[in-house]
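J.: Quick one, fold the following:
(one chain, ligands or ions: 3)
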Amino acid sequence: MHCPRPLSLTQEYPPAPALSLKATSDSIAIPLDNDALQQEAVKEILEQGLALFNAQHMMRAPFLNRGLSHTDEERTTKNLTGLLPHVTESLKTQASRSMAMIESRQTDIDRYLYLSSIKSYNVDLFYRLLMDNVRQLMPLVYTPTIGDVCLQYSALYTRPEALHISINHRGSIKEILQNWPHENPEICVVTDGSRILGLGDLGFNGVGIAVGKLALYTAAAGINPQKTLPVILDTGTSNEKNLNDPHYLGLRQQRVSPIEQQALADEFMQAAHETWPNMVIQFEDFENTKAFGYLDRYRDQYTCFNDDIQGTGSVVLGGYIGAVDRSGVPLEEQRLVFMGAGSAGVGVAKQLVEYYVRQGLSEDEARNKFWLVDTKGLVTADRPDKLAEHKKYFARTDNAGQQFKTLEEVIKYVKPSALVGLAATYGIFDEPVVRALTASVKLGGQDRRPILFPLSNPLTKAECTFEEAVKWTDGSVIFASGSPFAEEQADFGDGQGSVTYYPNQGNNVYVFPGLGLGTILSKASRVTDDMVYTAAVALADSVNKEEREIGLIYPRIDRVRETSIVIAREVMKSARRGGVSKLEDSQWKSWDQQGDSVLDAYIKDRVYDPLCSLC
Ligand SMILES: NC(=O)c1ccc[n+]([C@@H]2O[C@H](COP(=O)([O-])OP(=O)(O)OC[C@H]3O[C@@H](n4cnc5c(N)ncnc54)[C@H](O)[C@@H]3O)[C@@H](O)[C@H]2O)c1
Ligand SMILES: O=C(O)C[C@H](O)C(=O)O
Ligand SMILES: [Mg+2]
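T.: Ligands and ions are numbered 1, 2, ... in the order given. Down below sits the predicted model:
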């Protein structure tokens, strides 16, 4: 783990020598009558050259450049005088200029490009901006804008941002990893672009999602940006639009066979582990057969997890715990319908089953609380089509030969208390569906509230909007969506006047940064189920009084970094309980004695927080 960058750059850049010698462009005076002096002179010249080189390099190196925050002293000692406007400014002042620029841009893609250009020359400024303006900027570097960016990634391309490995590199991945210019990455997000958000197979263009997730590892959990590694495994694409786009940057071919894709993934995992044994690997946006298959294949061999299955399971459980509290429907009476039975749907349902089992239900009782629906209707064991392997666990057997094709039919049959959307289909929670859900919940009492989670991303795939959810439930909804919605004002003529309703963002961004940070800091050899579960409970416990009072079930997004520290701490402790932490036992014993605040301080000491001496 890398500490916050020292304010002084002397470690990377030796100070320029006192100029006892003058090197001009055409002559250098070296005293020749004294060996020692001569050696000293040569050394000084080399140092002087190095300092000049460093100054130029620094101005071009995004991880070193501090823009206008270089102090007068740094400018003198690092030969930067004249290379910058003469004013010095804190990072915060520079950030306020950038915010004004962002606000003046016309489209979110323009805003994204502007932010991305800042990242390309001044990484500290980029992260200062992102950390101090999470609510405004996260939707630009993450969902929903990142969805548009990925759709057009090749068209928008200006510079490489990731490690690009294609099927044609088979046999040489280990050598390619050596080319990565930063030492010992700690966290890697790898995708093959085959299921980017709800946008389908975007091929190489999906690389944007790995870059975006890693920006949040830094902004939301303080992992040093130089320690993050985005990887795209390019195995072709089924996306005809991309294949016909003259600017498409990926392999212009259909995806190779699943066996060849797996062989590439196998080689990557082995090479990555041999090169950086402590690196944590997050699988992101692989289509579901690979998502489940690779997780099973690698989870007991490497330090890895799947964000769409496990991260999403954890974040939804974190929100569900608070939602049940507010719903008025006791935990044991809850009945959940899931629209979508893919990586996320099955991942979330399984995580909730674990929760119910930990609350005392048998596994069968827990599983029976879930009804999963896909494009063909309710998932049942006797449905005529062949069920995909990952759906079988939840296939209903109590349908008495009846098949339910539409969501409305399923709701009337099940009478659920909660409806979860992970089907990547805009508008599928329409008015009849939401009203039917509300009616079924209110059967048990008028005070009862429906839980409605349209979790698909980006916004163009959300199952319904917050405005619709508020309107069709007369404001009684407990709502969480994958992408952010704005607050709503509504007056239902019930004497309360105009009321503000607050949406929640149920997105795995609340979990993966803290889960990754905790895994890194505990030096965990595996990401266990208990670590993922513990992250969910820590998230639920992180909602503060003020947030609860306005009905939130997740911390406000501005507090995501604070929340990640708590999650990381609990994940570390879970790693220790599970026997996978490689930290010294004596270290754990001292934390046992000293308590959580000391462990929190340990974590905070190790996270990146871009500051400058002027801040
Ligand atoms: N909020 C979050 O944190 C989060 C996390 C992961 C995934 N997601 C979102 O969830 C969505 C699904 O992701 P996934 O990985 O499970 O994808 P997936 O392809 O594995 O699964 C999609 C599922 O939806 C079903 N489906 C598709 N269209 C449908 C329709 N019209 N009616 C009923 N079912 C339909 C499919 O049959 C499949 O079971 C995506 O939009 C993704 O962005 C959100
Ligand atoms: O990327 C996100 O915003 C969440 C999730 O991982 C998804 O695939 O939709
Ligand atoms: Mg994802």
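J.: a strand runs through residue 609, doesn't it?
T.: No. Assessed by DSSP: H, G, I helix; E, B strand; the rest coil, residue 609 does not belong to a strand; its assignment is coil.
J.: By proximity to ligand 3, which residue of the stretch 151-300 of the chain wins?
T.: Proximity of the stretch 151-300 of the chain to ligand 3 (CB to the ion) peaks at residue 285, 4.5 Å away. For the C-beta atoms, the positions are set from N, CA and C on the backbone; glycine is no exception.
J.: Tell me the confidence at that residue?
T.: Looking at residue 285, its pLDDT stands at 98.
J.: so how far is residue 271 from it?
T.: Separation of residue 285 from residue 271 (CB to CB, to the nearest Å) stands at 21 Å.
J.: contacting residues for residue 412?
T.: By CB atoms under 8 Å, 6 or more residues apart in numbering, the residues touching residue 412 are 436, 440.
J.: one more time with 7 Å, if that's ok
T.: Contacts for residue 412 (CB atoms under 7 Å, 6 or more residues apart in numbering) come out as residue 436.
J.: where does it fall, phi/psi-wise?
T.: Note on residue 412: its backbone torsions stand at phi -60, psi -40 [degrees, to the nearest 10].
J.: for residue 586, same thing?
T.: Dihedral angles of residue 586 (phi, psi; degrees, to the nearest 10) stand at phi -60, psi -40.
J.: That one and ligand 3: what is the separation?
T.: Going from residue 586 to ligand 3 by CB to the ion, to the nearest Å gives 39 Å.
J.: Give me the distance between residue 542 and residue 351.
T.: For residue 542 relative to residue 351 (CB to CB), the value is 17 Å.
J.: neighbours around residue 179, how many?
T.: 7 (other CB atoms under 10 Å).
J.: List the residues that contact the spatially most central residue of the chain.
T.: Residue closest to the average C-alpha location in the chain (CA atoms, centre = their mean): residue 213, at 3.6 Å. Counting by CB under 7 Å, 6+ apart, residue 213 touches 189, 284, 512.
J.: Figure out the helix or strand that it lives in.
T.: Using DSSP states H and E, residue 213 sits in helix 207-221.
J.: is that helix up against ligand 3 anywhere?
T.: No. Between helix 207-221 and ligand 3, judged by CB under 5 Å from the ion, nothing touches; the nearest distance is 6.6 Å.
J.: what does the stretch 151-300 of the chain put close to ligand 1?
T.: 195, 197, 198, 288 (CB under 6 Å from any ligand atom).
J.: Of these, which pair is most distant in space?
T.: Across those, the longest distance by CB to CB is 13.8 Å; it joins 197 and 288.
J.: more crowded one of those two?
T.: The neighbour comparison of residue 197 against residue 288 (other CB under 10 Å) goes to residue 197, with 25 against 22.
J.: In three-state terms, how would the more buried one be classified?
T.: Reduced to three states by three-state DSSP, residue 197 is coil.
J.: Could you export stretch 429-441 as PDB, CA atoms only?
T.: Taking C-alpha atoms only, stretch 429-441 is exported to PDB below (Å, rounded to 0.1, in the frame of the first residue of the first chain):
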ATOM      1  CA  PHE A 429     -41.700  -1.400 -14.000                       C
ATOM      2  CA  ASP A 430     -44.700   0.400 -15.500                       C
ATOM      3  CA  GLU A 431     -47.700   1.800 -13.800                       C
ATOM      4  CA  PRO A 432     -49.800  -1.400 -13.600                       C
ATOM      5  CA  VAL A 433     -46.700  -3.300 -12.200                       C
ATOM      6  CA  VAL A 434     -45.900  -0.700  -9.500                       C
ATOM      7  CA  ARG A 435     -49.500  -0.200  -8.600                       C
ATOM      8  CA  ALA A 436     -50.000  -4.000  -8.300                       C
ATOM      9  CA  LEU A 437     -46.900  -4.200  -6.100                       C
ATOM     10  CA  THR A 438     -48.200  -1.400  -3.900                       C
ATOM     11  CA  ALA A 439     -51.600  -3.000  -3.600                       C
ATOM     12  CA  SER A 440     -50.100  -6.400  -2.600                       C
ATOM     13  CA  VAL A 441     -48.000  -4.700   0.100                       C
END
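J.: what element comes up after the lowest-mean-pLDDT helix or strand in the chain heading to the C-terminus?
T.: The weakest-scoring helix or strand in the chain, judged by mean pLDDT, DSSP states H and E, is helix 35-60 (a mean of 69). Using DSSP H and E, the helix or strand that follows helix 35-60 in sequence is helix 72-77.
J.: Figure out how far that next one is from the centre of its chain.
T.: Offset of helix 72-77 from its chain centre (CA atoms, centre = their mean, to the nearest Å): 38 Å.
J.: what comes up buried for that helix?
T.: 74, 75, 77 (16 or more other CB atoms under 10 Å).
J.: From these, pick the one nearest ligand 3.
T.: Top of the list for closeness to ligand 3, among the buried residues of helix 72-77 and by CB to the ion, is residue 74 at 40.6 Å.
J.: Check the gap between the residue in the stretch 301-450 of the chain that ligand 1 sits nearest to and residue 381 for me.
T.: Proximity to ligand 1, evaluated over the stretch 301-450 of the chain using CB to the nearest ligand atom, is greatest for residue 342 at 1.8 Å. Residue 342 sits 19 Å away from residue 381, going by CB to CB.
J.: quick one: which of those two has more around it?
T.: Each of residue 342 and residue 381 has its neighbours counted (other CB under 10 Å); residue 342 has more, 25 against 13.
J.: And the more buried one, how far from residue 377?
T.: Taking CB to CB, one finds residue 342 at 15 Å from residue 377.
J.: Repeat that for residue 97.
T.: Where residue 377 is concerned, residue 97 sits at a distance of 55 Å (CB to CB).
J.: So the two - more neighbours on which side?
T.: Each of residue 97 and residue 377 has its neighbours counted (other CB under 10 Å); residue 377 has more, 16 against 12.
J.: Okay, and the beta partners of that one?
T.: The partner list for residue 377 in beta bridges (DSSP bridges) reads residue 374.
J.: which SSE is residue 485 in?
T.: Using DSSP H and E, residue 485 sits in no helix or strand.
J.: And for it, the neighbour number?
T.: For residue 485, using other CB under 10 Å, the count is 21.
J.: quick one: pLDDT of it?
T.: At residue 485, pLDDT is 98.
J.: How much space separates it from residue 385?
T.: From residue 485 over to residue 385 the distance is 35 Å, taken as CB to CB.
J.: go on, residue 483?
T.: From residue 483 to residue 385 the distance is 31 Å (CB to CB).
J.: can you check residue 398 too?
T.: Residue 398 sits 19 Å away from residue 385, going by CB to CB.
J.: Ok, residue 158 next?
T.: Taken as CB to CB, the span from residue 158 to residue 385 is 45 Å.
J.: what's the answer for residue 66, then?
T.: On the measure of CB to CB, residue 66 and residue 385 end up 59 Å apart.
J.: who's more crowded, the two?
T.: residue 66 (25 against 9).
J.: Hmm, that one is touching residue 613, no?
T.: No. Between residue 66 and residue 613 there is no contact under CB atoms under 7 Å: 9.6 Å.
J.: give me the number of residues near residue 449?
T.: Quick note: residue 449 (other CB under 10 Å) scores 21 neighbours.
J.: sec struct for it, please.
T.: Per three-state DSSP, residue 449 ends up coil.
J.: hmm, stretch 450-457 touching ligand 2?
T.: Yes. Interface with ligand 2: stretch 450-457 contributes residue 457 (CB under 6 Å from any ligand atom).
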